[in-house]
Structure formats: C-alpha cells, structure tokens
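Peer 1: Could you look at this predicted model? Sequence included:
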Amino acid sequence: MLKKRSKRNRKNLNAGLPMVLIGFLIFLLGAQPGLFGLDRSPVIGFVQIAVFLVGLALICLGGYINFSQQWIDVEKSIAADIGLRFVGTGYVIAAMAGMADVFGFGAQPWPQVPIFSTLQAIGVIIGEAIIALGFLLMFPPPKFLDRKKSAE
C-alpha cells in the first residue's frame, strides 16, 4: 500500500515540476520577449500581459501540486491551508492588476491601447509577493516531516 502512494507521489511530483518550469518559461516569454528574439514593441501590451499571467498561473498550479505532495501522509496544517489561499489570492491580485486596463479600471482609458503601467507593475509585484508568502506557509515544518518518515 505504501509503495502505491510513493509511486503516486512521484508521478504527481513529476507532473508538478515540469509545470513550474514550463510556466516559468511562458512567464519569461510574456515578461521579457526579447530573450527569445520576439520583442516587437517598446511597451508591454495586452498579449504580453496575458502570456505572463498564464505562465504565473502554471507556476502557481505546479507549485501547489508539489507542495500538496509534502502533506500526503499527514494532516495538513492550518498554515498550509492559509498558504494555499494566499497563493490563490495573490494570483487574483496579480491578474486583476495586470489586466486593469482591459477591465476598465486601469491608467489607460478605453479608446487607447492598453499598456502595462507602473501602477499595474506594482500591483503584479504585490500579488507575486503574496504568492511567495503563500508558498512559504505551505512548507511542512520539520516535526511533520519526522512524523512522515517514522510512519514509513
């Protein structure tokens, strides 16, 4: 029974890590397209914002899959549950700040082309900081890891 769980954990870990790496590459493609030779505009527009938000979503999802595997044999702590909610909240903040012009509450009025402004960048950075705090809260403390090892 324990070997089945171990194989399942490894399969989920093998799904989570590539998802984080692919998400990071997509995030880089949206944030710095010049690294891939695709920079065609001096400003960051709607497509770039959408691409880096998709990359950020994949990073969040892959990170959640990886961290949830740490809690597979023990009961998840309240801090880990709060961390998961912080990850989701941080992504919503980053997405709303990034797409503020598209949703109509950004720095650019509607007839103009939406571009990524300084205030939007600050909002995305705040969202990313909340995501990072959420991932830190999802780390299991050493006493839980010791309990997990003793159960094996």
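Peer 2: Looks like it arrived, so ask away.
Peer 1: Distance of P111 relative to F67?
Peer 2: Using CB to CB, to the nearest Å, one gets 44 Å for the distance from P111 to F67. Heads up, the C-betas are built off the backbone N, CA and C, glycines and all.
Peer 1: out of these two, which sits in the more crowded spot?
Peer 2: F67 (21 against 5; other CB atoms under 10 Å).
Peer 1: show me the contacts for the closest residue to the more buried one other than its chain neighbours.
Peer 2: Sequence neighbours aside, M138 is the residue nearest to F67 in space, at 4.1 Å (criterion: CB to CB, 6 or more residues apart in numbering). Residues near M138 by CB atoms under 8 Å, 6 or more residues apart in numbering: Y64, F67, Q70, A79, A80, G83, L84, V87.
Peer 1: What would I type in ChimeraX if I wanted to highlight the buried members of those and nothing else?
Peer 2: Remark: buried members of those, expressed as a ChimeraX selection using 16 or more other CB atoms under 10 Å:
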select :64,67,70,80,83,84,87
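Peer 1: Out of the contacts of M138, flag the one nearest to M96.
Peer 2: Nearest to M96 out of the contacts of M138 is V87 (CB to CB; 15.2 Å).
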